[in-house]
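1. kindly generate the corresponding structure for this input.
(2 chains)
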There are 2 protein chains.
Amino acid sequence: MDKIHISNKTIERLSRYLRYLTYLELDGVERVDSKELAELALVSPALLRKDLSHFGGFGKSGYGYDIVHLKKSIEKILNTDNPKNFIIIGAGNIGKALANYIYFEKLNFMLKAIFDCDSKKISEKIGKLNVKSCDDLSNYLKEYSVDIAILTTPMQAVKGLFHILVQNEVPAVWNFAPIDIKSAKNTHVINEHLSKNLLVLSYHIKNKH
Amino acid sequence: MDKIHISNKTIERLSRYLRYLTYLELDGVERVDSKELAELALVSPALLRKDLSHFGGFGKSGYGYDIVHLKKSIEKILNTDNPKNFIIIGAGNIGKALANYIYFEKLNFMLKAIFDCDSKKISEKIGKLNVKSCDDLSNYLKEYSVDIAILTTPMQAVKGLFHILVQNEVPAVWNFAPIDIKSAKNTHVINEHLSKNLLVLSYHIKNKH
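-> Numbers count the residues shown, from 1 in each chain, chains lettered A, B, ... in the order given. The predicted structure follows:
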């Protein structure tokens, strides 16, 4: 199972199935058939069955999928079956919104610390955490294990902070700053473009009229 | 030019070129060659040249691209050459972060109103705007032209609000609620999955070790 390469689009669909399975489980539902789950996730039943068959075919014809079992299998594929530690660097509006986004914890992503480079923000409280100084980032990373760092600082600060993350071999960086950074040998980067979907919508509006 | 179908991936790259062109323009630069712009946007020069040649080939060999001209051409393609009005429904953490995200205005997206369904949030001030009640949404849409509505409410509220948006023929909806909604005849929907890239990173970490 570990050898299969999954595209980002498939990962997105799997995460959508996982979300609806969680809702169904919370409603006390035990089984779901492919048609119902596909309808919730806005995909065709054929595509859903294809996605899930890659990982061993969880469904039994006429019986549907066992929700607990299917959920666990998808969590294993997405590597969310055990907790991941993440930190946020940048305690501005986006940093705060991500710190307070409850769905991350439901997916087993645990926010462990928030940093900011602006001395006025140090010790400000966000949820249960006090904002730490960027000056303490390097020492923090030497002491604690961090799987993912989220960068939401102004772009001027990104280069220096990324250097510290690479030096300390943080395996993954999710960059919200409006400047793209390249993955390093042991640090995989995803550059987030918050305005992308707004531009996609804008393009669609134009091509409709 | 209007007849070309552009994929979402191309739109993302065009928006990246646009961003760096804006930075270069602010720095007083007048021309950029494909190699330099490609390096900033983390794409190959060949791909950049291919993307731009679709729209009429702006570059002259050995001269580079004229920044002002290229910027205008991309804005026209992305339909950001004239202002678009948008509203935010849901004044929680994500709604506030999006309301304060300055890059949207730079792209000509103008935030005109913020709504919330929780009476405690009505009249709260976000930036220059007072939060309005969801009860006033329908009347607002009858009076003012809205190109894009951003939904950041809890999922229970989504269905009813989307119905109002469809009835009033709002052309585009960007949905951040963790429940997927289907486009209607005159209303194009993009469902945002904020945790998607976190899951992609998580998957990458696993497949590295």
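2. quick one: what helix or strand has A:His188 in it?
-> Per DSSP states H and E, A:His188 falls inside strand A:188-191.
3. which elements pack onto that strand?
-> strand A:172-175, helix B:196-208 (3 or more C-beta pairs under 8 Å, 6 or more residues apart in numbering or on different chains; DSSP states H and E). To be clear about C-beta, it is placed using only N, CA and C from the backbone, and glycine gets the same treatment.
4. what's the lengthiest helix in chain A in contact with?
-> Longest helix in chain A by number of residues, with DSSP state H as the criterion: helix A:8-26. By C-beta atoms under 8 Å, 6 or more residues apart in numbering or on different chains, the list of residues contacting helix A:8-26 from outside reads A:6, A:32, A:37, A:40-43, A:47-48, A:51-52, A:67-68, A:70-71, A:74-75, A:77-78, A:80, A:106-107, B:178, B:180, B:193, B:195-196, B:199-200, B:203.
5. run the chain-centre distance for stretch A:72-89.
-> 8 Å (C-alpha atoms, centre = their mean, to the nearest Å).
6. buried ones in the helix or strand containing A:Asp51?
-> Per DSSP H and E, A:Asp51 falls inside helix A:45-53. Residues A:Leu48, A:Arg49, A:Asp51, A:Leu52 are the ones in helix A:45-53 that count as buried (16 or more other C-beta atoms under 10 Å in any protein chain shown).
7. show me which pair in the residues you listed is furthest apart.
-> Within the buried residues of helix A:45-53, A:Arg49 and A:Asp51 form the most distant pair, 7.4 Å apart (C-beta to C-beta).
8. picking up where we left off before, now the element after the longest helix of chain A, going C-ward?
-> In N-to-C order, the element after helix A:8-26 by DSSP H and E is strand A:31-32.
9. list the buried residues of the longest helix of chain A.
-> For helix A:8-26, by 16+ other C-beta under 10 Å, it's A:10-22, A:24.
10. out of these, flag the one nearest to B:Lys132.
-> Of the buried residues of helix A:8-26, the one sitting nearest to B:Lys132 (C-beta to C-beta) turns out to be A:Arg19, at 29.8 Å.
11. could you find the closest non-adjacent residue to A:Leu142?
-> Let me fix one detail, which is that residue A:142 is Lys and not Leu. Closest residue in space to A:Lys142, ignoring its immediate chain neighbours: A:Asn168 at 6.6 Å, by C-beta to C-beta, 6 or more residues apart in numbering or on different chains.
12. burial measure for the one you found, as a count.
-> Neighbourhood size, A:Asn168 [other C-beta atoms under 10 Å in any protein chain shown]: 17.
13. could you pull up the contacting residues of it?
-> Contacts of A:Asn168 by C-beta under 8 Å, 6+ apart are A:Ser138, A:Leu141, A:Lys142, A:Val146.
14. let's have the residues you listed in CSV, adding pLDDT and secondary structure.
-> Output for these, formatted as CSV (pLDDT from 0 to 100; DSSP: H, G, I helix; E, B strand; the rest coil):
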residue, pLDDT, secondary structure
A:Ser138, 98, helix
A:Leu141, 98, helix
A:Lys142, 98, helix
A:Val146, 97, coil
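15. which of these has the most neighbours?
-> Highest neighbour count within those, by other C-beta under 10 Å: A:Val146, with 21 neighbours.
16. and that one, what does it touch?
-> Applying C-beta under 8 Å, 6+ apart, we find A:Val146 in contact with A:Asn85, A:Phe86, A:Ile87, A:Lys112, A:Tyr140, A:Asn168, A:Val170.
17. next one: A:Ser119
-> By C-beta under 8 Å, 6+ apart, the contact set of A:Ser119 is A:Ser133.
18. likewise the one 3 residues further on?
-> With contact taken as C-beta under 8 Å, 6+ apart, A:Ile122 is in contact with A:Asp116, A:Val131, A:Lys132, A:Ser133.
19. now tabulate those in a markdown table and tack on neighbour count, distance to B:Lys185 and pLDDT.
-> What follows is the contacts of A:Ile122, written out as a markdown table (neighbours: other C-beta atoms under 10 Å in any protein chain shown; distance: C-beta to C-beta, whole Å; pLDDT from 0 to 100):
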| residue | neighbour count | distance to B:Lys185 | pLDDT |
| --- | --- | --- | --- |
| A:Asp116 | 24 | 46 | 97 |
| A:Val131 | 23 | 47 | 98 |
| A:Lys132 | 20 | 50 | 98 |
| A:Ser133 | 15 | 53 | 97 |
